[in-house]
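Q: From the sequence below, what's the structure:
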Amino acid sequence: MIPSGHPDAPKLSPLKQLHWSKVPAANTRKTVWDVSEESIKLDFNKQILDRLFCSKTNMSRTGTHSTLRNQDKITIVDMRRSNNIGVLLSKYKLTGPWVVDIINSMSDEHLNKELVTALIKCAPTSDEEQLLQSYTGSKNILSPVDQFLVEMLKVPKIRERLNCIQYKQSFDSLFEEIINGSRLVERCCQWLLKAANLKQLLHLILNIGNYMNSGTARGNATGYRLNCLLTLSNTKSLDQSITLLNYVAKIVSDRYPHLLITSDPLLEAASRIHWKELSNHLVSLQQGMMTVQKEVERQQSTVGMDTFTTKMNQFIKSRLDHLRDAANIIRGVEQLYDTVMKYYVEDYSSPEEFFSLLHNFMTMFKQAHLDNLRDMENDKAIRPKIVHKAERIMCQRSLSTTSLPRVSLNLAPQQEENQDTVRSSAAAAAAAVGSNSGSSIQTKSKGLIKNFKNIFLRKR
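A: Residues are numbered from 1 along each chain as shown. Got it, this is the predicted structure:
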């Protein structure tokens, strides 16, 4: 037995590591690293090296070696990934034994979506699994992250099981999204096939357009592509005071108020459904189910029946009918949408494009109608002010006039005899202005002016 302190005696504790990248032995021939007799003779005092560069020692007062404390930890996995996993362990306060227990027991209480996603990020990759399994040293000197990963490997096919659990957790919400979206598009298609008021409005615009296009190649049309509905507001009157869309809205308001359609909430909601994305969700569920089925069968044959395989088999059996129902609904809605496209003579590949077009048009049409109502209200508010201003001007002119020139009123020949009466009233107003003052002037002048207006309007 080699005594303690001898140069060839085993190290009392692990030494600090010298981090380098090794050159493969096959590449060292005839290089600086080629072994020579001189290099073999190079030696050093191992005892001093042990004492100087041991990880951590605690020497007693008598100089004898005691227990090791806080040894440097060995890290097997990549340092960056180790740091990322360490953050997740700290965030969710994860320990290896607890994670193994909740996975093996398939605890729905603890295995929520967020935690499963975090565990999938932590689960060892195939390369890491090989490295960890090939390690034969003490687990106590491994880093906390490596110790956690070693513990996770106690769950057979841990990564595959976590992926199956994640699929199981996301199935119901994704399935519900597919069904709700499909039913919404289905109801919207049915509504468009029965929308009689929309059909009449489109025909009214067709008649107006054919009149405007008469004598041109665009005239005498039997129908039109609906994308032109969004350009009606671009066509303006000669004086730029009104758009064609406002004109159509005014005709509808005056003559066909039942055609004052507005965008149905159903149409607006359906325009936000991305059909291709919805279909892809179904494909994703179908492919995921096939993957889960194969993995559960594989684990049954290699691991045997346990809580995981039992619960996953129950899940698969209960959800296969759901997938078949969803596929039938998707197929039926696509056929119904094809019918809508044929009815409106359009070829939009996705329902949301067509629904968005109609929704935008109805929104613009409603706004045009509201603009027309606002303009009418403004006219009603301005008209009394104009009349009042005209009366005030007439009154001021009457008060300042002392003699009135003979003005032709352009009356019909048979009304010529009434001109003298009109002029006499106007002259009387002027005389009243000249002979009176104060409030009596204003009162008599207003009365005479009113008399003047009544006579003029009656004779007209």
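
Q: can we go C-alpha only for contacts and neighbour counts from here?
A: OK.

Q: what about the helices in the stretch 301-450 of the chain?
A: For the stretch 301-450 of the chain, the helices defined by DSSP state H, counting those that start in this stretch cover 307-343, 351-400, 418-435, 438-459.

Q: Check Lys342 and give its pLDDT.
A: What the model reports for Lys342 is a pLDDT of 95.

Q: I'd like to know how many residues surround it.
A: Counted with other C-alpha atoms under 10 Å, residues neighbouring Lys342 total 10.

Q: I'd like the numbering to begin with 53 instead of 1 from here.
A: Sure, I'll start counting at 53 from here, so that last one is Lys394.

Q: From Glu405, how far off is it?
A: Note on Lys394: its distance to Glu405, by C-alpha to C-alpha, to the nearest Å, is 15 Å.

Q: per-domain residue ranges of the chain.
A: The chain is divided into the following domains under automatic domain parsing: 53-123, 131-207, 245-409, 453-460+467-512.

Q: so Lys220 sits in a strand?
A: No. Looking at Lys220 with DSSP: H, G, I helix; E, B strand; the rest coil, it is helix, so not inside a strand.

Q: what sits against it?
A: Phe367 (C-alpha atoms under 8 Å, 6 or more residues apart in numbering).

Q: And Phe223, by the same measure?
A: Applying C-alpha under 8 Å, 6+ apart to Phe223 gives the contacts Leu337.

Q: please redo it, this time with the cut-off set to 6 Å
A: The contact partners of Phe223, taken as C-alpha atoms under 6 Å, 6 or more residues apart in numbering, number zero.

Q: how close does it get to Phe200?
A: Separation of Phe223 from Phe200 (C-alpha to C-alpha) stands at 29 Å.

Q: Helices of the stretch 153-302 of the chain, start to end?
A: Under DSSP H, counting those that start in this stretch, the stretch 153-302 of the chain gives helices at 165-174, 178-186, 196-204, 210-246, 248-264, 296-307.

Q: just these: most buried one?
A: Highest mean neighbour count among these (mean count of other C-alpha atoms under 10 Å): helix 196-204, with a mean of 21.

Q: tell me what that one is packed against?
A: With contacts taken as 3 or more C-alpha pairs under 6 Å, 6 or more residues apart in numbering; DSSP states H and E, helix 196-204 sits against no other helix or strand.

Q: Mind doing that once more with 8 Å?
A: Contact partners of helix 196-204 among helices and strands, from 3 or more C-alpha pairs under 8 Å, 6 or more residues apart in numbering; DSSP states H and E: helix 131-144, helix 148-156, helix 178-186.

Q: That one to helix 131-144, inter-axis angle?
A: Between helix 196-204 and helix 131-144, the angle comes out at 80 degrees (axes from the mean of the first three to the mean of the last three C-alpha atoms, to 10 degrees).

Q: quick check: angle from helix 196-204 to helix 165-174?
A: Using the same axes, to 10 degrees: helix 196-204 against helix 165-174 is 100 degrees.

Q: model confidence over helix 196-204, on average?
A: Here helix 196-204 scores 94 as its mean pLDDT.

Q: Can you pull out the residues in contact with that helix?
A: Residues from elsewhere that reach helix 196-204 (C-alpha under 8 Å, 6+ apart): 127-129, 134, 137-138, 147-149, 151-152, 174-176, 184-185, 191-192, 210.

Q: what's the answer for stretch 303-312, then?
A: Stretch 303-312 is contacted from outside by Asn249, Leu250, Gln252, Leu253, Ala301, Lys418, His421, using C-alpha under 8 Å, 6+ apart.

Q: and these, which two are the farthest apart?
A: Pairwise distances across these (C-alpha to C-alpha) peak at 17.1 Å, for the pair Gln252 and His421.

Q: For Gln345, which three-state class applies?
A: Secondary structure state of Gln345, per three-state DSSP, is helix.

Q: ok, it to Asn156 distance?
A: Here Gln345 is placed at a distance of 18 Å from Asn156 (C-alpha to C-alpha).

Q: what does Ile231 give?
A: To Asn156, Ile231 is 33 Å away according to C-alpha to C-alpha.

Q: next one: Cys241
A: With distances taken as C-alpha to C-alpha, Cys241 is found 48 Å from Asn156.

Q: same question, Gly261
A: Gly261 is 72 Å from Asn156, by C-alpha to C-alpha.

Q: and if you look at Cys174?
A: 17 Å.

Q: Low-confidence ranges, this structure, go.
A: 53-75, 77, 79-124, 433-443, 448-512 (pLDDT under 70).

Q: Try it again at 80.
A: Within the chain, the ranges that satisfy pLDDT under 80 run 53-125, 315, 430-512.

Q: of all the helices and strands packed on helix 196-204, which gets the most neighbours per residue?
A: Most buried of those, by mean neighbour count (mean count of other C-alpha under 10 Å): helix 148-156, with a mean of 15.
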